[in-house]
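J.: Give the three-dimensional model of this entry:
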Amino acid sequence: MDIGALKEEDAAMHAKAFQAYSKTEEMFKVLQLTTCCFFSISHGANDMANAVAPFATVWMVYSTGTVASKADVPIWLLVYGGLALDIGLLTMGYYIMDALGNRLTLQSPSRGFCIELGAMFT
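T.: Numbering: from 1, shown residues only. Sure, this is the predicted structure:
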């Protein structure tokens, strides 16, 4: 199964999309790779915080028997969260990328660069 393959029902929508020159798209490949690296770090840290925070709160209440506004997060909990996130990406990540990357809008290096750059600053 090809991740970038277009589905038949999406072909008409993609045919109407603006097509940039191939040399322009080649230039944006390097820029998109750069923004992708920075965006993945910031986005991954945010996902990890959102996923681990409720579990860390439950662990703090269970282990100390108190409720506080801040909790120390054990390293093993961060490792567990990272492994769970990786397993989720490996098993279901393809379907998310297929739906958001190809079915929602036509992706190209120039569009991907703009999407990632805009998302980094919001």
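
J.: What count of nearby residues applies to the closest residue in space to F55 that isn't next to it in sequence?
T.: The shortest distance from F55 to any non-neighbouring residue, by C-beta to C-beta, 6 or more residues apart in numbering, is to L77 (6.4 Å). To be clear about C-beta, it is placed using only N, CA and C from the backbone, and glycine gets the same treatment. Using other C-beta atoms under 10 Å, L77 has 15 neighbouring residues.

J.: correct me, but R111 touches L117?
T.: No. Using C-beta atoms under 8 Å, R111 makes no contact with L117, being 10.8 Å away.

J.: quick one on the thing from earlier: tell me the spacing between the residue nearest to F55 and Q107.
T.: Distance from L77 to Q107, counting by C-beta to C-beta, to the nearest Å: 35 Å.

J.: thought the residue nearest to F55 was touching T57?
T.: No. With contact defined as C-beta under 8 Å, L77 does not count as touching T57 (10.7 Å).

J.: can you give me the mean pLDDT across the longest helix seen in the chain?
T.: The single longest helix within the chain, with elements called by DSSP state H, is helix 22-64. Averaged across helix 22-64, the pLDDT comes to 85.

J.: Same check on stretch 113-122?
T.: 82.

J.: Next, the buried residues of the host helix or strand of the residue nearest to F55.
T.: Per DSSP states H and E: L77 is located in helix 75-98. Neighbour-count burial for helix 75-98, counted by 16 or more other C-beta atoms under 10 Å, picks out 81, 85, 98.

J.: export the residues you listed to JSON lines and tack on distance to D47?
T.: What follows is the buried residues of helix 75-98, written out as JSON lines (distance: C-beta to C-beta, whole Å):
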{"residue": "G81", "distance to D47": "9"}
{"residue": "L85", "distance to D47": "6"}
{"residue": "D98", "distance to D47": "19"}
